[in-house]
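1. Predicted model follows, preceded by the sequence.
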Amino acid sequence: MSAKVSEILVKKFKCFQSWEDEQEQQWLQKMASQGLHLKKRNVFGVYTFIQGEPAQIVYRLDFVPAMKWQIASVVEPDDSYHQMLIDAGWEHVLQASGWQYWRKSFKQLRHEGQAEIYSDAASKQMKYKRRMLGFFFWFCFLLVHLSLPQSSLHTLGDGKLAYAVVYGMAMPIAIYLAYSMTRIYLRIRQLR
């Protein structure tokens, strides 16, 4: 009978924006070189790692939302997407908030020569377009709510207080979404 070896888990907090996926990939590679191997990540930026042997591992991120957009200029990966990457030697680590985390050892990369999930700029741009579309949806949703007249909030008690609370929460979020879409747009332009 063999004794069960317990995993040593390490949690780290790190916040990355949608356009900073390359920095996140580099940080994850640095963690792997210190023996911390990604296990999961939550929406608040808490990464859980399994402590193990230091390894030279490449991480790549892709954005594939759970909801499929049926918009002509935004192409969603089809059902063979995961299998194609697995066949190419990539290990699917996790999916978090639409982000797909893939990894491969440097040894495999030297042998195969392919260090990217996508080898062409158009596919890389599509990843950012898919992300920007989600931001655009929420931005439009907030704009509709911000354009409601003050009288429509009378059911929430004092209309003026409710109006101030709604604007106080929605306006900064709308500004952040507009900023995020601008940064993602600039990242797409950089890839052209």
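-> Sure thing, it's come through. The structure displayed is predicted, hence computed values, not measured ones. Numbers count the residues shown, from 1 in each chain.
2. quick one, helices of the protein?
-> With DSSP state H as the criterion, the chain has helices at 21-33, 81-87, 106-112, 121-146, 159-191.
3. Flag whichever of those has the least confidence on average.
-> Note on these: helix 106-112 shows the lowest mean pLDDT, a mean of 72.
4. hang on, the earlier thing: can you tell which of the helices of the chain is closest to residue 99?
-> Among the helices of the chain, the nearest to residue 99 by C-beta to C-beta is helix 21-33 (7.9 Å). In this view, the C-beta of every residue, glycine as well, is placed from N, C-alpha and C.
5. And the residue most central in space within the chain, how far from residue 142?
-> Note on the chain: the residue nearest the mean C-alpha position is residue 99, at 3.8 Å, using C-alpha atoms, centre = their mean. Remark: distance between residue 99 and residue 142 (C-beta to C-beta, to the nearest Å) = 22 Å.
6. do the same with residue 96
-> The gap separating residue 96 from residue 142 is 23 Å, by C-beta to C-beta.
7. What residues sit buried inside stretch 38-47?
-> Going by neighbour count (16 or more other C-beta atoms under 10 Å), the buried part of stretch 38-47 is 38, 40, 41, 47.
8. For the third one, give me its contacts.
-> Under the criterion of C-beta atoms under 8 Å, 6 or more residues apart in numbering, the contact list for residue 41 reads 47, 48, 94, 96, 99, 101.
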